[in-house]
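Novice: this is a predicted model, with the sequence first.
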Amino acid sequence: SGHSRGGGASLVSLWARPSLLGAICFEQVTPLQAPGQDWDDPERNGDRPLPERPVLIFSAANDLDEAWPLVDVVFDQLTGPSTLVTLHGTNHEYTYDADTPGSYTSGSDISFAERHALDQRWSTAFLLRHTAAEVGWDALLHGRAGLQSDLSAPGVSTHSRLRMDTELLVDDFAGVADENLLGGLNRSVALDTDANEPPYTDGLQAAGRGGTTAEVIATWTTARHLAWSDAAGSVAFELGSPLDLSAQQSVVFRVARDCPPPTARCETGAVDFDVVLTDAAGARLAVPVSTGLGDKGIVGRHWSNAIVPLDDFSGVDLASVVSVELDLGALGWAAGDLWLDDMRFE
């Protein structure tokens, strides 16, 4: 475990020491941004998946990650059960104890007590889950219970991956834009932008981290960029052949606002659009994405999981689902700009 560069060292240790069970990182610097890497030697750079170990990451929303990523980009390299908790209202150095030299240089909007309560809640859950096998903590680490917190007024945003070996991944948006990983077509209507793109490139360049670093990060973090100025805007992901979701519980994806530099803080406010499932017989049902988000919705440009229970799609035959669609303007959000990633059924 560690903070900042120490957190980055913790991740590097997962490669170096196979006996390690996992890592807890506080605002760590991603190994992809470590200076002086030999990009031609795969054993001496960060351009590789991290080992299949559980990892918990804390990201401070008032840190540079608001527009220029230092912490969040490592999430795409994780291969084991992983959770990233964005703590709103706090800053990079606010991980220290009170009266530690440097602690009061922070521009944090929450108290040390609130910050420590948040750290302890998720760290304790993570340790009990992965050292004592208390699986009930998955509800906080990977479920809807972890999408919000009343331990501080600004709250949290979280995104995670748990069942990577059993989930049905529709698309990670790292390949071609018009076909997903299930062999179905991706079709959009009335969108100004609908493309698989790297979300961090502008921010990295603005922070002086362009060149090879930005290019390597782009290959790991490519996501779906959606922008619309027409209430009819939508995107549908066809599933190739009818998919049996009887064993799955939720449709899950990561979602964030767009916030290109030089903007330092993104707009925050309630957002809503319809998530639509269609079955082979043509039955179609829409559920508001807000039912799968925490009470803060999408905050700034920080990723959050949307976890929409399949039980909410009453009337759709879950044994023969043929498409999942995002009807972006259906609930009054007539114009917007979003990033979407890792759409799957869990």
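Specialist: That came in fine, so what should we check first?

Novice: tell me the gap between the least confident helix or strand in the chain by mean pLDDT and the middle of its chain.
Specialist: Lowest by mean pLDDT, DSSP states H and E among the helices and strands of the chain is helix 201-206, with a mean of 82. Computed by Cα atoms, centre = their mean, to the nearest Å, the chain-centroid distance of helix 201-206 equals 19 Å.

Novice: could you pull out the helices in the stretch 1-150 of the chain for me?
Specialist: 5-16, 112-131, 138-142 (DSSP state H, counting those that start in this stretch).

Novice: what about the stretch 151-300 of the chain, any weak spots by pLDDT?
Specialist: Counting by pLDDT under 70, the stretch 151-300 of the chain shows low-confidence ranges at 260-270.

Novice: one more time with 90
Specialist: 162-166, 200-214, 257-271, 295-300 (pLDDT under 90).

Novice: then the stretch 1-150 of the chain?
Specialist: 3-6, 29-44, 60-73, 88-113, 115-116.

Novice: output the helices of the stretch 1-150 of the chain in CSV, with distance to Asp165 and mean neighbour count appended to each entry.
Specialist: For the C-beta atoms, the positions are set from N, CA and C on the backbone; glycine is no exception. Output for these, formatted as CSV (distance: least, Cβ to Cβ, whole Å; neighbours: other Cβ atoms under 10 Å):
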stretch, distance to Asp165, mean neighbour count
helix 5-16, 19, 17
helix 112-131, 16, 18
helix 138-142, 14, 20
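
Novice: got JSON lines for the ones you listed, with distance to Val251 too?
Specialist: Below are those laid out as JSON lines (distance: least, Cβ to Cβ, whole Å):
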{"stretch": "helix 5-16", "distance to Val251": "30"}
{"stretch": "helix 112-131", "distance to Val251": "23"}
{"stretch": "helix 138-142", "distance to Val251": "14"}
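
Novice: which strands and helices sit next to the least confident helix or strand of the chain?
Specialist: With contacts taken as 3 or more Cβ pairs under 8 Å, 6 or more residues apart in numbering; DSSP states H and E, helix 201-206 sits against helix 211-221.

Novice: after the helix it packs on comes which helix or strand?
Specialist: strand 223-228 (DSSP states H and E).

Novice: run through the residues that contact the closest residue to Gln205 other than its chain neighbours.
Specialist: Leaving aside its chain neighbours, Gln205 sits nearest to Ala214 (6.2 Å; criterion: Cβ to Cβ, 6 or more residues apart in numbering). Counting by Cβ atoms under 8 Å, 6 or more residues apart in numbering, Ala214 touches 198, 200-201, 204-205.

Novice: quick one, what contacts Gly2?
Specialist: Applying Cβ under 8 Å, 6+ apart, the residues near Gly2 are 8-10, 25-26, 28.

Novice: repeat the analysis, applying 7 Å as the threshold.
Specialist: By Cβ atoms under 7 Å, 6 or more residues apart in numbering, the contact set of Gly2 is 9-10, 25, 28.

Novice: now Glu114
Specialist: So Glu114 contacts 151-152 (Cβ under 7 Å, 6+ apart).

Novice: 10 Å instead, please
Specialist: Contacts here follow Cβ atoms under 10 Å, 6 or more residues apart in numbering; on that basis Glu114 touches 87, 89-90, 94, 108, 149, 151-154.

Novice: check the gap between it and Thr30 for me.
Specialist: 26 Å (Cβ to Cβ, to the nearest Å).

Novice: just checking, Ser10 touches Gly22?
Specialist: Yes - if you go by Cβ atoms under 10 Å, Ser10 and Gly22 touch, sitting 9.4 Å apart.

Novice: overlap in contacts, these two.
Specialist: The contact lists of Ser10 and Gly22 share 1, 55, where a contact means Cβ under 10 Å, 6+ apart.

Novice: on that earlier part again, and the contacts of Gly2, which is closest to Ser320?
Specialist: Nearest to Ser320 among the contacts of Gly2: Cys25, at 41.8 Å, using Cβ to Cβ.

Novice: nearest residue to that closest one in space, please, no chain neighbours.
Specialist: With Cβ to Cβ, 6+ apart, the residue lying closest to Cys25 is Gly7, at 3.6 Å.

Novice: contacts only, for the one you found.
Specialist: 1, 23-30, 57-58, 71, 74, 95.

Novice: same question for Asp295.
Specialist: Counting by Cβ under 10 Å, 6+ apart, Asp295 has contacts 147-150, 155, 270.

Novice: what's the answer for Gly155, then?
Specialist: 61, 86-89, 110, 118, 147-149, 294-296, 299 are the contacts of Gly155 under Cβ under 10 Å, 6+ apart.

Novice: and if you look at Asp230?
Specialist: Counted by Cβ under 10 Å, 6+ apart, Asp230 has contacts 189-192, 328-329, 334-335.

Novice: with Leu340 instead?
Specialist: 171, 173, 196, 223-226, 235, 237, 253-256, 306, 326.
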